[in-house]
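Chemist: This is the structure alone, sequence omitted:
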C-alpha cells in the first residue's frame, strides 16, 4: 500500500513540475515579446513567410549545434563553451516559441494577437502546450513547430534588415553636407 501512495505522490509531483515548467516557458515568451518587440515581430514574420525554410534551418542548426556542444562538453578545457552553446540553443528555441504562440493566437482570432498582446500570447501558449498532450500527432507537431521557431530565430539573427536601417538613419545626403 505504501508503494502505491509513493508512486501516486511522485506522479503528482512530476505533473506539477511539468505544468510549472510549461507556465514558465509561456511567461518567458511574453517577457521576450514585451522586452524586444521589434525583434519578436520580425521573428514572427519570418516564421509565417517561410515555414519550410525555417523548419529545415532550425532542424539542421539544432542538430549540428547539439553535436558540437556534446563534443565540446567531452573536451575538458572546452566544456564551458559547450555548456554555453547548449544554453544558447535553448534560448533560441524559447525565443522561437514566441512566434509559435503568436501564430496560434492569430489563428484562434484572439484580440490583440497581431500586436503580441500578453493575453493573446498566454492563450496561444496554453493551447500550444496542451497540444503536446495529444499522443504522437501532438508531439510531432510540437517538434516541427519547435524546429520552425528555431529556424525563424536564426534567420532573423542573421538577416541584415536591422543593420541597413541603422546605417541609413545616420547617413548624410548630398544636400545636407558633411556631419560634423
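Modeler: That came through fine. Nothing here was measured: the structure is a model prediction, and the numbers come from that model.

Chemist: quick one, helices of this structure?
Modeler: Along the chain, the segments classed as helices by DSSP state H run 2-35, 37-49, 51-74, 79-107, 118-131, 137-158, 161-170.

Chemist: Mean neighbour count added to these, as TSV?
Modeler: (C-beta placed from N, C-alpha, C; glycine too.) Shown next, in TSV, are the helices of the chain (neighbours: other CB atoms under 10 Å):
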stretch	mean neighbour count
helix 2-35	13
helix 37-49	18
helix 51-74	16
helix 79-107	19
helix 118-131	19
helix 137-158	19
helix 161-170	9
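
Chemist: so can I have JSON lines of those helices showing mean pLDDT?
Modeler: Converted to JSON lines, these look like this (pLDDT from 0 to 100):
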{"stretch": "helix 2-35", "mean pLDDT": "91"}
{"stretch": "helix 37-49", "mean pLDDT": "92"}
{"stretch": "helix 51-74", "mean pLDDT": "93"}
{"stretch": "helix 79-107", "mean pLDDT": "91"}
{"stretch": "helix 118-131", "mean pLDDT": "90"}
{"stretch": "helix 137-158", "mean pLDDT": "92"}
{"stretch": "helix 161-170", "mean pLDDT": "48"}
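
Chemist: contacting residues for the spatially most central residue of the chain?
Modeler: By CA atoms, centre = their mean, the chain has its centre lying nearest to residue 96, at 2.0 Å. Residue 96 makes contact with 43, 47, 58, 146, 148-153, according to CB atoms under 8 Å, 6 or more residues apart in numbering.

Chemist: Taking these together, which two end up most distant?
Modeler: Within the contacts of residue 96, two members stand farthest from each other by CB to CB: 43 and 146, at 13.5 Å.
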